[in-house]
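> Next comes the sequence, and after it the predicted model I'd like to discuss.
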Amino acid sequence: MKHYIVCNWKMSPSSFAKTKVLVAQYNKVLKPSKKAKIGNEVDIVICPPFLYFQYIDEKRNKHLKLGAQNVFWQGKGPYTGQISAAMVKEFGAGFVIVGHTELRRLGDTEEMVFLKIREVLKQGLTPIVCVGYSDWLKEVRNLITNFSAEEINKMMIAYEPREAIGSETALPAQKVAHVTYTIKKLIYKRFKRKRFLGIVGIGSQKELIPKPPLLYGGGVTAENFMSYINEGGVQGFMVGRESLKPDSIAKMSQKLEQSS
């Protein structure tokens with residue numbers, strides 16, 4: 001099974017000099033041997049501040065993916081201070097975080113989140129859709145109602161409970177397991193009828209039941225992450241402060257390789 005580690009650097013490092021040091025450390029500790037599974041069973045996605053994009057894209061080893069922390073929902077136009085999905089794609093990004101709690105807190109509405117997802121998909125990038133800001137159940141229902149099975153299959157869904165973001169207290173694996181099970185169940189119930197109708201010749205015969213990777217974020221460390229793999233039903237993680245410790249990310253990736 002494929003696993004994912006999404007490294008959200010947020011507003012770090014604080015300088016270009018520190019960025020160069022951090023990238024060098026990532027390249028050193030995450031340079032796999034010929035037998036390693038990074039890039040096959042384990043994807044590591046670095047999401048740095050926009051200012052460092054070009055440097056990181058040029059210097060990262062080929063096993064490290066690049067992602068954006070946010071984009072605007074329009075592809076072009078007079079939008080001061082905004083960055084488009086097409087721009088980050090040109091600089092090497094393959095992923096975009098959408099709907100993060102910290103952005104919803106600053107004003108991103110559900111409608112804005114959906115517009116961003118559509119623009120990211122339009123550019124052929126993978127949206128990492130965060131849920132858990134207010135009511136994760138409602139957020140998931142709205143998401144799977146407003147997007148097709150094909151579109152959902154091109155996403156990742158990251159459960160990031162608001163109370164755990166920026167906290168050193170992670171949720172119990174059993175609680176995360178309840179959330180991941182419920183998300184899978186909601187998706188299945190939403191699309192199973194459409195799939196059946198397609199099979200019997202009513203509607204599209206291409207309908208499918210999507211199975212997007214489910215991630216967990218909030219207090220994830222190199223010490224506790226395996227409990228979410230073994231008990232939480234997730235395929236990967238959104239990692240904040242721990243992602244500024246390349247040795248911790250290397251430790252996580254190595255354990256995920258062994259479990260794949």
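Cool, the structure landed. Numbers count the residues shown, from 1 in each chain.
> Can you report how many residues lie near the closest residue to K10 other than its chain neighbours?
Nearest residue to K10, sequence neighbours excluded (C-beta to C-beta, 6 or more residues apart in numbering): G240, at 6.4 Å. No exception for glycine: its C-beta is placed from N, CA and C like everyone else's. For G240, the neighbour count with other C-beta atoms under 10 Å is 23.
> Does Y181 touch G232 like I think?
No: proximity of Y181 to G232 does not meet the contact threshold set by C-beta atoms under 8 Å, at 9.7 Å.
> neighbour count winner among these two?
Neighbour count, other C-beta under 10 Å: between Y181 and G232, G232 has more, with 25 against 13.
> buried sites along the lengthiest helix in the chain?
As assigned by DSSP state H, the longest helix anywhere in the chain is helix 173-199. For helix 173-199, burial by neighbour count (16 or more other C-beta atoms under 10 Å) applies to 173, 176-177, 179-180, 183-184, 186-187, 190-191, 194-195.
> What of stretch 111-122?
So stretch 111-122, judged by 16+ other C-beta under 10 Å, has buried residues 112-121.
> confidence score at the closest residue to S259 other than its chain neighbours?
Nearest residue to S259, sequence neighbours excluded (C-beta to C-beta, 6+ apart): I229, at 6.3 Å. The model reports I229 with a pLDDT of 94.
> these two touch, right, I229 and E257?
No: between I229 and E257 there is no contact under C-beta under 8 Å: 11.9 Å.
> Settle it for me: which of these two has more neighbours?
I229 (20 against 17).
> tell me the SS of that one?
What DSSP: H, G, I helix; E, B strand; the rest coil gives for I229 is helix.
> who are the neighbours in contact with it?
Shown in contact with I229 (C-beta atoms under 8 Å, 6 or more residues apart in numbering): 3, 256, 259.
> From those residues, pick the one nearest P210.
H3 (18.5 Å; C-beta to C-beta).
> And for that closest one, nearest residue in space, chain neighbours not counted?
In space, H3 is closest to L256, 4.4 Å off (C-beta to C-beta, 6+ apart).
> G217 versus that neighbour, what's the distance?
16 Å (C-beta to C-beta, to the nearest Å).
> Quick check: next helix or strand after the helix or strand bottoming out on mean pLDDT in the chain?
Sorting the helices and strands of the chain by mean pLDDT, DSSP states H and E puts helix 173-199 at the bottom, at a mean of 85. Next along the chain after helix 173-199, taking DSSP states H and E as the criterion, comes strand 214-217.
> can you list the residues that contact that following strand?
4, 6, 8, 128, 130, 156-160, 164-165, 171, 176, 180, 183-184, 228, 232-240.
> Could you tell me which of these are located in strands?
4, 6, 8, 128, 130, 156-159, 236-239 (DSSP state E).
> now the least confident helix or strand of the chain, how far from the chain's geometric center?
Computed by C-alpha atoms, centre = their mean, to the nearest Å, the chain-centroid distance of helix 173-199 equals 19 Å.
> quick one: V45 and C7 touch, right?
Yes: with contacts defined as C-beta under 8 Å, V45 counts as touching C7 at a distance of 6.5 Å.
> about what we covered before: any chance of JSON lines for the buried residues of stretch 111-122, columns pLDDT?
Shown next, in JSON lines, are the buried residues of stretch 111-122 (pLDDT from 0 to 100):
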{"residue": "M112", "pLDDT": "97"}
{"residue": "V113", "pLDDT": "98"}
{"residue": "F114", "pLDDT": "98"}
{"residue": "L115", "pLDDT": "98"}
{"residue": "K116", "pLDDT": "98"}
{"residue": "I117", "pLDDT": "98"}
{"residue": "R118", "pLDDT": "98"}
{"residue": "E119", "pLDDT": "98"}
{"residue": "V120", "pLDDT": "98"}
{"residue": "L121", "pLDDT": "98"}
